[in-house]
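# missing the sequence, but the structure's below:
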């Protein structure tokens, strides 16, 4: 209960500080609406890979994602990417989009640095580069952050700590070893774990965001660490795969599991108790916000300087924070009581 | 001269010569089993839990789909062809068959198998026709369809996925069910591989597949219907990939358009590790299944030993080379020993 309240307070605190930040800069920022937004901009949305339900939700018109925002603003939006979550699959797509005359790119980076030469070349040609979901910090105009990495890292550890009573060996099932977002979250998990001296992170394994690899690495964890008490899988491919392994191995209850995934993927495992709680932001909102930010920037209605603000349609007003980033909001916790209200 | 020698040998000692051939065949599989035993021994010495029943179950389950695909691939490879489409075919079948189950609640699970089988057989027929009738090299044909089928999968799935919650629990439980601690699926697959091996080894049409692979021109002149046999091999390989896709869906529960990506290369690796000659003409289905078991064991061992994930792929590649070298060494020694013995007998 104490932990629960701590968690709620933490969320409140985060929300409050965001509000304060927004209010604080509201007076000083130049009015974003002074300039009109251009129509007919060519905006390419480039997820890490195609065929990934998380990005489909973030990007499509049907779910209210990036392409819907672009459509409403009168831009020409298109989703493009490779079929594997690697820089080598993503790069040619970015290059093709640039030569198709893009005005703005909205991209989830498969690598923090490998894409940089190409993205820098794009920016030199006056193309707005907005990263969302996964950042390439040195070579983009703006990063739309789904939830602060710190908030995610901390709250994942807090959820698991509550479930295993602050004690025992835990492991992380990550995606690719070079994924920027995964590594930053894990870094913050390690920071938060200092608060829990009896919890020990024994291993970080990489499932490569492929169901079969995620399955094998989770099985490996179960076999290698017989005393394992908990697993955090901050990936929407890894978490359902890990849940299926624990479910099939009848380890449910013995090994607690949490992480990031979409509600549809986890409904079965929340219902049967394998994953009592997990987190996510609303990916459609993330895409929607990234699209607005990209159009604002490409129309020169705002710059990427801290304090610049704009109204992102139904989501309301957002302000650029430090390091040229915009924060969507705190992560949302799903559990038995609310998971069935969501369909994505 | 040499044919006269063999002729005399066969005439004088038919029983012995058949037994020798038998021995060589068995030796091919013996090599891979020896490598497997050494590997399991070493791993268990470092990490005793490698042999606990849950881990054995994991390895067997991870091997099943793999070994099935290896059976189909073996039939194609012995004819000096290759089927690179199996990974994509598995993915398309996994998505469509599970989509059918999730869209139409309450329909029997067997429908999913029919869908998978239909998709696999259909593409197999197409491959067979293009390779056997149009005489296009199978490497080119199946490399093309590898991408075509994956593309179709991506278009159909459109970024959506089938989630475990929308699948009947009888379907999900099917692949992990066990009887007396032994996974039922592993037993079924072992029987299927056994039947396949028996066909390849003892049926006339099975033997003809080897003849086509070891000497295509000779096989044609000998009156073997090469086109028909190769066609059949591709249909079988495709059908197996289709059914394997349904099992994949049942095993993993969450299916998107990426299921089975790059799987074809692992299957070819299993077949080669299992002693099937990549240029056709020799090797057995049992060997290929053991190849699949060895590769799945290597994978699992690396995870169980807790070796850093960064090293996984490099080490498993190295172990594949070692396994093949060791197996090759064993079989070369055995063959030369047997040849010496048979020459001594002939003299």
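Happy to help now that I have it. For clarity, every value in this text was computed on a predicted model and none was experimentally measured.
# Look at the closest residue to chain B within the stretch 201-344 of chain A and report its pLDDT.
The stretch 201-344 of chain A approaches chain B most closely through residue A:220 (2.3 Å), counting by Cβ to the nearest Cβ. Heads up, the C-betas are built off the backbone N, CA and C, glycines and all. pLDDT, residue A:220: 93.
# Quick one: residues contacting the most centrally placed residue in chain B.
Nearest to the mean C-alpha position of chain B, by Cα atoms, centre = their mean, lies residue B:70 at 0.5 Å. By Cβ atoms under 8 Å, 6 or more residues apart in numbering or on different chains, the residues touching residue B:70 are B:267, B:270-271, B:274, B:285, B:288-289, B:291-292.
# how about the helices in chain A?
A:2-26, A:53-59, A:66-72, A:87-99, A:116-124, A:149-163, A:180-193, A:211-224, A:238-248, A:263-271, A:283-298 (DSSP state H).
# thinking again about what came up before, report the two of the contacts of residue B:70 separated the most.
With Cβ to Cβ as the measure, no two of the contacts of residue B:70 lie farther apart than B:267 and B:285, at 12.9 Å.
# more neighbours, the two?
Using other Cβ atoms under 10 Å in any protein chain shown, the more surrounded residue of residue B:267 and residue B:285 is residue B:267, with 34 against 29.
# just checking, that one is part of a helix?
Yes: per DSSP: H, G, I helix; E, B strand; the rest coil, residue B:267 lies within a helix segment.
# Could you grab the helix/strand/coil label for the closest residue to it other than its chain neighbours?
Spatial nearest neighbour of residue B:267, chain neighbours left out: residue B:69 (4.6 Å); criterion: Cβ to Cβ, 6 or more residues apart in numbering or on different chains. The three-state label given to residue B:69 by three-state DSSP is helix.
# Would you mind measuring from the closest residue to chain A within the stretch 101-250 of chain B to residue B:257?
When scored by Cβ to the nearest Cβ, the stretch 101-250 of chain B has residue B:159 as its residue closest to chain A, at 3.2 Å. Using Cβ to Cβ, to the nearest Å, residue B:159 is found at 8 Å from residue B:257.
# so what's the backbone phi/psi at whichever residue of chain B sits closest to chain A?
Nearest residue of chain B to chain A: residue B:303, at 2.3 Å (Cβ to the nearest Cβ). The phi/psi pair for residue B:303 (degrees, to the nearest 10) reads phi -70, psi -40.
# Please name the residues that touch the nearest residue to it once chain neighbours are set aside.
Leaving aside its chain neighbours, residue B:303 sits nearest to residue A:220 (2.3 Å; criterion: Cβ to Cβ, 6+ apart). Listed by Cβ under 8 Å, 6+ apart, the contact set of residue A:220 reads A:205, B:300, B:302-304, B:306.
# ditto for residue A:95
residue A:118.
# tell me the pLDDT at the residue of the stretch 101-250 of chain B closest to chain A?
Residue B:159 is assigned a predicted lDDT (pLDDT) of 72.
# Now do the contacts for it.
Residue B:159 neighbours (Cβ under 8 Å, 6+ apart): A:50-53, A:55-56, A:59-60, B:256-257.
# likewise residue A:101?
residue A:42.
# how close does it sit to residue A:73?
Counting by Cβ to Cβ - residue A:101 and residue A:73 are separated by 18 Å.
# quick check, residue B:88 in a helix?
Yes: counting by three-state DSSP, residue B:88 falls inside a helix.
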